[in-house]
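Peer 1: the following block contains a protein sequence and its predicted model.
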Amino acid sequence: MSDTVIGGRYHLVESVGEGGMGQVWRARDAVLGREVAIKTITAAGSEEAESRFLREARTVSRLSSPHIVTLHDIDDSWYGGRRTYFLVMELLKGQDLGVVLRRRAPGLPSFAEVRRWAAETCTGLAVAHRAGVVHRDISRPTSFSPTTAS
């Protein structure tokens, strides 16, 4: 476990991904004794980036679906030498789609699997769209959880 603690209770264990706005960590909640995902904003200190980050948190908090990650909390803390916002989210167990495909190489997933994965993705997007949310960054998820991974 890392010595880095954010928010006074979240022990950052390992980086699991990075996107346009932030970095995502697998973390351990010392109070509740569970693993969570922590997303830190990479452009901390930028008023525009912080505003977008807070808007993302408010947007995600309005959505509820097994196909959309659950947001537990948002806070700010000193991290990396500066004050930064962070989201505390449900930690999804799964594998990066690239890992799944490399593991199966040279074989490909069946049409039924691909169809099921696409349907699950579309279900999550439909929940967001019904709430008036248009997701602008679905090209590279940090985690992929197929129902029948080999």
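Peer 2: Perfect, I can see it now. Residues are numbered from 1 along each chain as shown.
Peer 1: roughly how far does Val133 sit from Leu54?
Peer 2: 15 Å (CB to CB, to the nearest Å). No exception for glycine: its C-beta is placed from N, CA and C like everyone else's.
Peer 1: low pLDDT regions in the protein?
Peer 2: 1-2, 43-45, 136-150 (pLDDT under 70).
Peer 1: show me where this protein has its helices.
Peer 2: 47-61, 97-104, 111-130 (DSSP state H).
Peer 1: and those as a markdown table, adding distance to His11?
Peer 2: Output for the helices of the chain, formatted as a markdown table (distance: least, CB to CB, whole Å):
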| stretch | distance to His11 |
| --- | --- |
| helix 47-61 | 21 |
| helix 97-104 | 25 |
| helix 111-130 | 29 |
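Peer 1: quick one: closest of those to Gly17.
Peer 2: Gly17 lies closest to helix 97-104 among the helices of the chain, at 11.8 Å (CB to CB).
Peer 1: distance from the closest one to the middle of the chain?
Peer 2: 19 Å (CA atoms, centre = their mean, to the nearest Å).
Peer 1: against which helices or strands is that helix packed?
Peer 2: Using 3 or more CB pairs under 8 Å, 6 or more residues apart in numbering; DSSP states H and E, no helix or strand is in contact with helix 97-104.
Peer 1: which parts of that helix are buried?
Peer 2: Residues of helix 97-104 classed as buried: 97, 100 (neighbour count, 16 or more other CB atoms under 10 Å).
Peer 1: may I have that helix as PDB, with CA atoms only?
Peer 2: Output of helix 97-104 as PDB, limited to C-alpha atoms (Å, rounded to 0.1, in the frame of the first residue of the first chain):
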ATOM      1  CA  LEU A  97     -10.700  -4.300 -23.100                       C
ATOM      2  CA  GLY A  98      -7.200  -4.400 -24.700                       C
ATOM      3  CA  VAL A  99      -6.100  -6.900 -22.100                       C
ATOM      4  CA  VAL A 100      -9.100  -9.100 -22.800                       C
ATOM      5  CA  LEU A 101      -8.400  -9.000 -26.500                       C
ATOM      6  CA  ARG A 102      -4.700  -9.700 -26.100                       C
ATOM      7  CA  ARG A 103      -5.300 -12.600 -23.800                       C
ATOM      8  CA  ARG A 104      -7.500 -14.200 -26.500                       C
END
